[in-house]
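J.: I would like the atomic coordinates for the input below:
(one chain, ligands or ions: 1)
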Amino acid sequence: MKEHGAFQFVLPTRVLFGDNTLEQLGAGLGPAVRKALLVSGRSSMRAQGVTTRILQQLGGRAIETVVFDQVDSNPTDAVVDEAAMICRNAGCDVIIGLGGGSAIDVAKAVSVVAKFGRSCWDFVGRNAVPGDPLALVAVPTTAGTGSEVTPVAVVSKPERRRKDAIVSDHIFPRLAIVDPTLTSALPPELTAATGMDALAHAIEAYTARGSTPLSDMLALEAVRLVGQHLRKAVWQGDDAEARRGMALASMLAGMAIAQAGVGAAHGLGMSIGGFFGSHHGLTVGILLPAVMEHGLGAVPDRYARIAEALGEPVQSVSVRRAASHAPHAVRELMQDIGITATLRQLGVQEESLSDLVADAWDRPDMTNDPRPFTRDEAIAFCRALL
Ligand SMILES: [Fe+2]
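T.: Reported below is the predicted structural model:
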């Protein structure tokens with residue numbers, strides 16, 4: 001695709017962005033919908049009354065809603081299959097994913113399994129979805145994954161210690177409702193960890209081999225927005241402007257990775273999540289600055305622009321020097337938002353490192369990195385972060 005500057009841009013999702021856009025959910029479903037499956041996490045949205053607001057809104061339009069609120073972080077293929085069975089038995093004609101990346105990814109996978117049958121894991125990999133699934137609406141309640149605008153659904157298979165993804169243009173949500181007010185009650189540690197996921201998406205998309213001129217614009221703006229808004233979103237969560245900035249950053253970064261893909265922080269981070277069940281954003285966040293240092297020399301001009309977008313004073317220094325400011329700026333940001341964990345604290349064990357890297361090795365993220373690791377480098381890299 002990259003020969004002679006050619007590239008494609010795919011985004012079939014209609015986006016409604018802004019405070020209180022949740023109120024447009026019912027109208028956004030269209031007149032034909034009769035029964036919806038609402039997929040969410042266990043309790044937080046219910047506690048905040050968001051589930052009730054949705055049930056009332058859809059009820060007012062004579063749309064019946066079946067609630068599946070059993071999604072945990074790192075959701076399994078078994079949870080997807082269970083929800084798909086409920087969806088089929090109830091005869092739902094639309095799926096609404098409400099929550100962080102886990103709930104939205106489960107909703108995506110359910111839309112496939114409910115339509116085509118078989119089991120969730122049968123659709124893992126690239127382009128294994130045979131056609132359009134059930135209609136899907138994504139309503140993010142965190143600012144991190146950007147899953148509302150990506151063709152990716154990540155699921156775990158615990159018995160194989162494997163985390164993998166369904167990747168297909170068929171699973172772009174039909175509608176994304178990005179209402180930043182839904183993130184305002186997210187506690188500091190989750191705001192920080194999910195915000196690091198957004199930053200990792202933006203930086204990895206911008207430096208990826210698969211980057212395009214359009215993904216570059218989205219990614220660099222997302223970097224700038226995270227630098228500008230994440231600290232305040234973490235520590236002053238009721239600041240509407242900061243929450244809006246992070247919701248936009250997350251969405252733009254999601255649009256960027258939908259085109260450009262991600263890099264080694266995600267390739268290794270997915271395997272760590274599969275092995276140890278660690279939080280995705282926290283895991284890729286811990287890996288990110290060191291992955292950036294590894295790749296600095298491959299694309300110094302790109303890292304120099306990332307440093308600039310993060311507010312580093314790089315105007316009168318060499319490109320190489322400016323590039324080295326980028327991981328430094330990310331480390332300072334992590335310090336400011338209270339992320340101090342190591343891989344060991346996430347549960348990573350030294351004796352698992354070679355299996356871990358072997359698991360990561362077939363992921364396209366590893367070769368999409370601007371400076372792909374060798375296996376030995378990757379093992380030493382993870383060991384240094386324990
Ligand atoms: Fe991610």
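
J.: In contact with F373, which residues?
T.: F373 makes contact with 264, 294, 366, 381, according to C-beta atoms under 8 Å, 6 or more residues apart in numbering. (Each C-beta comes from the backbone N, C-alpha and C, glycine too.)

J.: And the pLDDT at it?
T.: For F373, the model assigns a pLDDT of 97.

J.: separation between it and N20?
T.: For F373, the distance to N20 equals 45 Å [C-beta to C-beta, to the nearest Å].

J.: who's in contact with the nearest residue to K232 once chain neighbours are set aside?
T.: Leaving aside its chain neighbours, K232 sits nearest to A242 (3.9 Å; criterion: C-beta to C-beta, 6 or more residues apart in numbering). Each residue near A242 by C-beta under 8 Å, 6+ apart is listed here: 229-230, 232-233, 236.

J.: for C382, same thing?
T.: Applying C-beta under 8 Å, 6+ apart to C382 gives the contacts 268, 343, 348, 353, 356-357.

J.: Does it lie in a helix or a strand, and which?
T.: Element membership for C382 (DSSP states H and E) is helix 375-384.

J.: Can you report phi and psi for V15?
T.: When read as degrees, to the nearest 10, the backbone of V15 gives phi -110, psi 130.

J.: And the helices in the stretch 1-150 of the chain?
T.: Here the stretch 1-150 of the chain has its helices, by DSSP state H, counting those that start in this stretch, at 25-29, 44-47, 50-59, 77-90, 101-116.

J.: Send over the last one as PDB, restricted to the C-alpha atoms.
T.: It refers to helix 101-116. The C-alpha trace of helix 101-116 is given here as PDB (Å, rounded to 0.1, in the frame of the first residue of the first chain):
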ATOM      1  CA  GLY A 101     -12.700  -1.400  25.800                       C
ATOM      2  CA  SER A 102     -13.600  -4.700  27.400                       C
ATOM      3  CA  ALA A 103     -17.400  -4.100  27.100                       C
ATOM      4  CA  ILE A 104     -17.200  -2.700  23.600                       C
ATOM      5  CA  ASP A 105     -14.900  -5.500  22.400                       C
ATOM      6  CA  VAL A 106     -17.300  -8.100  23.900                       C
ATOM      7  CA  ALA A 107     -20.200  -6.300  22.100                       C
ATOM      8  CA  LYS A 108     -18.300  -6.500  18.800                       C
ATOM      9  CA  ALA A 109     -17.500 -10.100  19.200                       C
ATOM     10  CA  VAL A 110     -21.100 -10.900  20.300                       C
ATOM     11  CA  SER A 111     -22.400  -9.100  17.100                       C
ATOM     12  CA  VAL A 112     -20.400 -11.600  15.100                       C
ATOM     13  CA  VAL A 113     -21.100 -14.800  17.000                       C
ATOM     14  CA  ALA A 114     -24.900 -14.000  17.400                       C
ATOM     15  CA  LYS A 115     -25.100 -13.600  13.600                       C
ATOM     16  CA  PHE A 116     -22.900 -16.400  12.300                       C
END
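
J.: ok so, going back, now the residue nearest to K232: which helix or strand?
T.: Assigning secondary structure by DSSP H and E places A242 in helix 240-260.

J.: Next SSE downstream of that helix?
T.: Stepping forward along the backbone from helix 240-260, the first helix or strand reached (DSSP H and E) is helix 264-276.

J.: In terms of secondary structure, what does that following helix contact?
T.: strand 152-157, strand 162-167, helix 188-207, helix 280-295, helix 353-360, helix 364-368, helix 375-384 (3 or more C-beta pairs under 8 Å, 6 or more residues apart in numbering; DSSP states H and E).

J.: swap the cut-off to 6 Å and go again
T.: strand 162-167, helix 280-295, helix 353-360, helix 364-368 (3 or more C-beta pairs under 6 Å, 6 or more residues apart in numbering; DSSP states H and E).

J.: any idea which of those is most buried?
T.: For those, average neighbour numbers computed from mean count of other C-beta atoms under 10 Å are highest in helix 280-295, which has a mean of 25.

J.: Contacts for it, please.
T.: 144, 193-194, 196-197, 200, 264-266, 268-269, 272-273, 326-327, 330-331, 339, 370-371 (C-beta atoms under 6 Å, 6 or more residues apart in numbering).

J.: A358 and R161, how far apart?
T.: As judged by C-beta to C-beta, A358 and R161 stand 12 Å apart.

J.: tally of neighbours for N89?
T.: N89: 10 surrounding residues under other C-beta atoms under 10 Å.

J.: In this protein, which residue is most central in space?
T.: In the chain, the residue lying closest to the centroid (C-alpha atoms, centre = their mean) is T145, at 2.1 Å.

J.: Farthest from the middle of this structure: give me that residue.
T.: Distance from the C-alpha centroid of the chain peaks at S316, with 35.0 Å (C-alpha atoms, centre = their mean).

J.: Tell me the pLDDT of it.
T.: 93.

J.: Next up, phi/psi of it, please.
T.: phi -110, psi 30.

J.: what's the helix or strand for E312?
T.: Counting by DSSP H and E, E312 is part of no helix or strand.

J.: How about it: what's its closest non-neighbour residue?
T.: H325 (4.1 Å).

J.: which helices and strands does the lengthiest helix in the chain pack with?
T.: In the chain, assigned by DSSP state H, the helix with the most residues is helix 213-235. In terms of contacts (3+ C-beta pairs under 6 Å, 6+ apart), helix 213-235 is packed against helix 188-207, helix 240-260, helix 300-309.

J.: closest to G59 out of those?
T.: helix 240-260 (26.8 Å; C-beta to C-beta).

J.: so who does D238 touch?
T.: D238 neighbours (C-beta under 6 Å, 6+ apart): S184.

J.: picking that back up, between the helices of the stretch 1-150 of the chain, which gets the lowest average pLDDT?
T.: Among the helices of the stretch 1-150 of the chain, helix 44-47 carries the lowest mean pLDDT, at a mean of 69.
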